[in-house]
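Asks: Sequence plus the predicted model coming up.
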Amino acid sequence: MDIECKRDKVPYYYYYYYYYYYYYYYYYYYYYYYYYYYYYYYYYYYYYYYYYYYYYYYSDKRFCDMSEVSSSECAPWNFSWIVPNELAGMAWPKTPANLRFIESQGIKHLVTLSPEKRPPIHAFPGLKWT
């Protein structure tokens, strides 16, 4: 008695396509894995080595208390004095830390060039906005 196999009910080209499909993806996956492994291992191995070296020997410097950060580190992008202590130019201040820096520099009034975008000055009563 012959046992009927599911394979006998499917055309031959289906298997040929499936084999090619499998071979293509197997080849692609193998190539990708080899490529990734090669570059990861040989080119980024030393990066991770130095990262862990830094981590173990300088681990006390990894974190800092935000209250110890100086206000100069929170300056808005492209901040510069055009006329010293009178007129400054900068990008739009995005964070409250940027506004704290502006207030610490003695600036009392902000003028923006885009009226639809207001800086978040609600927490800073010493700053005016136009």
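Replies: Cool, got the structure.
Asks: Which positions in stretch 82-95 come out as buried?
Replies: Within stretch 82-95, the residues that qualify as buried by neighbour count (16 or more other Cβ atoms under 10 Å) are 88, 90, 93. Every residue, glycine included, has its C-beta placed from N, CA and C.
Asks: So which of those are in helices?
Replies: Counting by DSSP state H, none of the members of these fall within helices.
Asks: Quick check: of those, which lies closest to P119?
Replies: Nearest to P119 among those, counting by Cβ to Cβ, is P93 at 5.0 Å.
Asks: ok, that closest one - contacts?
Replies: P93 makes contacts with 76, 99, 102, 110, 119-120, as judged by Cβ atoms under 8 Å, 6 or more residues apart in numbering.
Asks: Check those residues against P84 and report the nearest one.
Replies: Of all these, I102 has the smallest distance to P84: 15.4 Å, by Cβ to Cβ.
Asks: Give me the neighbour count for the closest one.
Replies: Residues near I102, counting by other Cβ atoms under 10 Å, number 25.
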